[in-house]
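J.: Sequence and computational prediction follow.
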Amino acid sequence: MSDTEHEPSRTRVPMPIATLNDPHLGDAAKNPGRVEGIIAVVFVLGIIMMAAFGAAYWQNWNPWILGGTLGAGLFLLGFGLTAWGKYLMPQGPFVEERHVLAGSTAERNALSAALVERSTVVVKRRRLLGGLFAAGSGIFGIVAIFPLLRSLGPVPGTSFEKTDWRRGIRLVDSNGRPIHKDTLRAGNIVTVFPEGHQDDIQGQSMDQTVLIRVSYEAFTTIKGRETWAPEGYVAYSKMCTHLGCPVGLYEQQLQLLVCPCHQSMFDVTNGAVPQFGPAPRPLPQLPLGINSDGYLVAQSDYHEAVGPGFWERTTT
Amino acid sequence: MPRLRSRTRRPSLAAFLLPGGLLAVATLSSLAVFFPGASASGQTAPSHVSSTGNLAKQCGVVNLKGVTSVYGTGNPFHSPNLNCSGGHIISYGDSAIDYANPPASYISAGALLFAQTCSSCHGSRANGIGPNGAATIGPNLQGVGAATVDFWVATGRMPATDIKAVEAERKATRLTPQQALELAAYVNSLDPAVPAVPTPNLKGADLAAGADLFSLNCAACHTITGAGDALAFGTNAPSLQNRQVTPQQVAEAMRIGPANMPRFTGNLTDVQVRDVVAYVTEKIQHPASPGGAGLGGVGPVAEGFVALLLGVGGLALICFWIGERS
């Protein structure tokens, strides 16, 4: 049988139309003004939180602000969505009265008409809420692209190749105290920074250096570095050449520096050549000197880039 | 009454699960917050002086290889409380730490004890030379100072029971604290040296400064919770949460640098050592665990496991419960 033959025998489908006295609609759905307003406020707060998350990320604020704004934003958007579904949408259970599945043209037209009709009565498209939710989640989506965008530039240039160590600059500890040549005994270790940089971010990241007194006589870690370790003092970059963790574990009998992250081990007396682990290169050694007052100073900057490898790295 | 066509029950469950899961992830990520400790309190910068000959004469010959000439770092000749008698250092130190050598009356008992328990590995004169002139298994102990001997014996690391062990572990000791001091008195009498046995005065210690110094100097190996961790080639940094570790032993370890531990002398004053000792014995050994269970303080694997299991699992259960009720 063709559709045209069948069509006259089918009746118009009675599509359900939600009315204001539909028992599936809660009180709030029948008078949505207040609830809709509350949900709108929740979404607006969510938008503000997501925007604050973006600002916090952009400005590199504290981690608990990042986590707090992201968590609050996601919670508010989720809360709004949930309240929307619970208070403004019809609640089940629903019983569907079915007929033969295939519909005729007239039935499909009737369906379309019924849908249009229904949607214009009570269960409205809530453009305001939809728009606000889209704005909140959209801002989150944009913020999520920040790391990708930031990784695209600017090109670091030589900023990864240079530290604040300069010829004659004194080594100081985290309190800013300079290190006199008599300060340490053999077996001592202290983390040092270029004087004046012990409190800034660059100083505490790229400039951080471990100073170890291995013995009381000058020694040579690697041929060509004969003058770099006066009076048994030797200094290496504290940034692991693998992933940049602070290499602060000094074992004075084994003369090893150990990285806490992946157990790379560096030979202190032989130029910090890796003995074990994933580190691909020795820790860069800082050439040390002693000034006329007896304080330890740097002879120069590191002769190679500190820390893990990067694409533009020119030194080996 | 016409009926609506859709079943909204499943979508409402999903509407809880999705934001719930995202919230869980956000909550977990914010768990990684790191609270920087209070900044170190102002410490007077140590200055450098040379020891004076008069005092050295009055106190006899003292091997100073364990200490530096920085003020307030345990050098007896820069100590306001130096007390010498009969050519020997009795005690020295300041208000933060008292250093005292065991009394000379302990020496004879210590000599007997040393012959019985130590001489087979360290030589009869504690100089690392055996009867045939060859080096003994154990190192030369002359000139290490009383604190070194006391630390190794009082913590049970010596006498060693397994000479092939990579390093001596802390264990229950057969020797009493008194016997440890007797051994220290004897060994120190062979080549008088410093440091003497320290007694930190923990009253007035600055715990915040101690926490700062701990995170800077100790946490690399012992971890920030003091739980201890593995190091290279079978060695390890022992747990400091062990409440058998006494304030005296912490101070000794920092000043002498036992085994693979670096020695902290010139860069830490007695006041700073005292602050660290107070932090270890009052906070590390009595963790507050504000989150509830400390989980041993062994790091993110245990904590992440519990957070995932309880956090995400609990949220999922709540979601199902809400779904069942609606």
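T.: Arrived safely, thanks for sending.

J.: List the residues that contact residue A:109.
T.: Under the criterion of Cβ atoms under 8 Å, 6 or more residues apart in numbering or on different chains, the contact list for residue A:109 is empty. Heads up, the C-betas are built off the backbone N, CA and C, glycines and all.

J.: Sorry, slip of the keys, the one I care about is residue B:274.
T.: Taking Cβ under 8 Å, 6+ apart as the definition, contacts of residue B:274 comprise B:96-97, B:200-202, B:205, B:251.

J.: which one among those gets closest to residue A:144?
T.: residue B:205 (47.0 Å; Cβ to Cβ).

J.: and the closest one, helix, strand or coil?
T.: coil (DSSP: H, G, I helix; E, B strand; the rest coil).

J.: And the residue nearest to it when sequence neighbours are not counted, how far from chain A?
T.: Closest residue to residue B:205 in three dimensions, ignoring its sequence neighbours and counting by Cβ to Cβ, 6 or more residues apart in numbering or on different chains: residue B:278, at 3.4 Å. The gap separating residue B:278 from chain A is 19 Å, by Cβ to the nearest Cβ, to the nearest Å.

J.: ok so, going back, who wins for neighbours among the contacts of residue B:274?
T.: Looking at those with neighbours defined as other Cβ atoms under 10 Å in any protein chain shown, the largest count falls to residue B:251 at 28 neighbours.

J.: mean confidence score for the helix or strand containing that one?
T.: Taking DSSP states H and E as the definition, residue B:251 sits inside helix B:247-256. With pLDDT averaged residue by residue, helix B:247-256 scores 93.

J.: Next secondary structure element downstream of that helix?
T.: Downstream of helix B:247-256, the first helix or strand assigned by DSSP H and E is helix B:270-279.

J.: where's the helix or strand just after that next one relative to the chain centroid, distance-wise?
T.: On the C-terminal side of helix B:270-279, the nearest following helix or strand under DSSP H and E is helix B:300-306. Here the centre of helix B:300-306 is set off from its chain's centre by 25 Å, with Cα atoms, centre = their mean, to the nearest Å.

J.: Buried residues of the helix or strand just after helix B:300-306, list them for me.
T.: Next along the chain after helix B:300-306, taking DSSP H and E as the criterion, comes helix B:313-325. Of the residues in helix B:313-325, those buried by neighbour count under the rule 16 or more other Cβ atoms under 10 Å in any protein chain shown are B:315, B:319, B:322-323.

J.: cool, and stretch A:231-247?
T.: Buried positions in stretch A:231-247, judged by neighbour count with 16+ other Cβ under 10 Å: A:231-242, A:244-247.

J.: which of the residues you listed lies closest to chain B?
T.: Looking at the buried residues of stretch A:231-247 and their distance to chain B, the nearest is residue A:246, at 7.2 Å (Cβ to the nearest Cβ).

J.: So the helix ranked longest in chain A, near chain B or not?
T.: Of all the segments assigned as helix in chain A under DSSP state H, the longest by residue count is helix A:32-59. No. Figure legend: helix A:32-59 not in contact with chain B (Cβ under 8 Å from any Cβ of the partner chain); closest approach 9.6 Å.

J.: Can you tell me which helices and strands that helix packs against?
T.: Applying 3 or more Cβ pairs under 8 Å, 6 or more residues apart in numbering or on different chains; DSSP states H and E, one finds that helix A:32-59 contacts helix A:27-30, helix A:63-83, helix A:127-144, helix A:146-151.
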